[in-house]
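1. kindly generate the corresponding structure for this input.
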Amino acid sequence: MNELTRMAYLDALEIDCYVSRTQLPGAAVTRRLAIVPTPVEKADAPDRVKSPDVPDKTATPLQPEGFSRPDFGLGDRKKTAAAEPLREASPGGEPLPRFTLITIVAGNWLWLEELGGMPLATEQVQLVQAMAQALAFCSEAGTGEATASQATKPDTAQFDWPPHTNRQFDLGEEAARAGLAAFVSRRMEQFGCRGLVLLGESCAQRVPLSQMSIPAVTVASSAQMLVDPALKRQVWRDLQPLLQKP
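-> Now for the predicted structure:
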């Protein structure tokens, strides 16, 4: 089982971590105390005597026939409040978007994927690096430059939205798209990337490609490929347009 699937199972079961049930090697010995139960003598309970003057608290109070407690409309309001969860909104009134994207510079390309509330697994970075090495090998036709690009360690950076909680600034959808476009353009210019690879449809919807004049392709996410390795064949076909870019 890969690390991404294991974390998903633990998150679904609401388990933070494993707890050892046996003594671990090298750990301090846990002092265990024997619990001796204390014998309890059973005493005859006296019979409960009901007083005719004291009413029974467990008895159901009598109500006149046809009586119903007035609601005053509170029940409908409580149901409406429970059915409508609280949603944060930007100053413009639109819902406040919240997402986390990870960028990986591998080879000569910038790989972008939405994490979806899960941490980035090592297997995801290794998969992206392997695809970048295959692209570099085909692009450079096995020259020395390709070998140098394959040996480069991937560089990762995270983009979180919203970046702050100050409601005086615009944190809506358009501001998020503009901020992400500036972040991606800055990363591509910094590392001299030749193209952009969007891993997953959710990531492709976040990136405003109309605001950036860069070659880009959309493929399945690395998380999907780890769950279903058969997707790698289609992903490789989707990556072929990058090999034709200068």
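2. residues contacting Leu110?
-> Residues near Leu110 by C-beta atoms under 8 Å, 6 or more residues apart in numbering: 103-104, 184, 187-188, 191, 193, 195-197. The way it works is simple: take the backbone N, C-alpha and C, and place the C-beta from them, glycine included.
3. same deal with Met212?
-> Counting by C-beta under 8 Å, 6+ apart, Met212 makes contact with 181, 184-185, 196.
4. go again with 6 Å.
-> Listed by C-beta atoms under 6 Å, 6 or more residues apart in numbering, the contact partners of Met212 are 181, 185.
5. dump the helix or strand where Ala136 lies to CSV, keeping only the CA atoms.
-> Per DSSP states H and E, Ala136 falls inside helix 122-140. Output of helix 122-140 as CSV, limited to C-alpha atoms (Å, rounded to 0.1, in the frame of the first residue of the first chain):
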residue,chain,number,x,y,z
THR,A,122,6.8,11.2,-1.6
GLU,A,123,5.4,8.8,-4.3
GLN,A,124,3.8,11.7,-6.0
VAL,A,125,7.0,13.6,-6.3
GLN,A,126,8.9,10.5,-7.5
LEU,A,127,6.2,9.9,-10.2
VAL,A,128,6.4,13.4,-11.5
GLN,A,129,10.2,13.2,-11.6
ALA,A,130,10.1,9.9,-13.5
MET,A,131,7.7,11.5,-16.1
ALA,A,132,10.0,14.6,-16.4
GLN,A,133,13.0,12.3,-16.9
ALA,A,134,11.2,10.5,-19.7
LEU,A,135,10.3,13.8,-21.4
ALA,A,136,13.8,15.1,-21.1
PHE,A,137,15.3,12.0,-22.6
CYS,A,138,13.0,12.1,-25.6
SER,A,139,13.4,15.8,-26.0
GLU,A,140,17.2,15.9,-25.9
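6. show the average pLDDT along that helix.
-> Per-residue pLDDT values over helix 122-140 give a mean of 90.
7. quick one: buried residues of that helix?
-> Of all the residues in helix 122-140, those buried under the rule 16 or more other C-beta atoms under 10 Å are 123-125, 127-129, 131-133, 135-137, 139-140.
8. just the buried residues of the contacts of Leu110.
-> The neighbour-count criterion (16+ other C-beta under 10 Å) marks 103-104, 184, 187-188, 193, 195-197 among the contacts of Leu110 as buried.
9. now, those that are in helices?
-> 184, 187-188 (DSSP state H).
10. any idea what the closest residue to Phe191 other than its chain neighbours is bridged to?
-> Among residues not flanking Phe191 along the chain, Val105 sits closest, at 4.7 Å (C-beta to C-beta, 6 or more residues apart in numbering). Here Val105 sits in beta bridges with Leu110, Asp155, as judged by DSSP bridges.
11. Val217 sits in which helix or strand?
-> Val217 is part of strand 216-219 when elements are defined by DSSP H and E.
12. pLDDT (mean, whole number) over that strand?
-> The average pLDDT within strand 216-219 is 95.
13. outside of it, which residues touch it?
-> Outside of strand 216-219, the residues within contact range by C-beta under 6 Å, 6+ apart are 196-198, 204, 209, 235, 238, 241.
14. same check on stretch 161-170?
-> With contact meaning C-beta under 6 Å, 6+ apart, stretch 161-170 is reached by 99, 171, 176.
15. helices along this protein, start to end?
-> Going by DSSP H, the chain shows helices at 3-12, 74-83, 122-140, 144-151, 173-191, 201-206, 222-227, 231-243.
16. can you point out the buried residues in the first one?
-> Of the residues in helix 3-12, Leu4 count as buried by neighbour count, 16+ other C-beta under 10 Å.
17. quick one: mean pLDDT for it?
-> Summarised as a single mean, pLDDT over helix 3-12 is 79.
18. and if you look at the fourth one?
-> Helix 144-151 comes out with an average pLDDT of 49.
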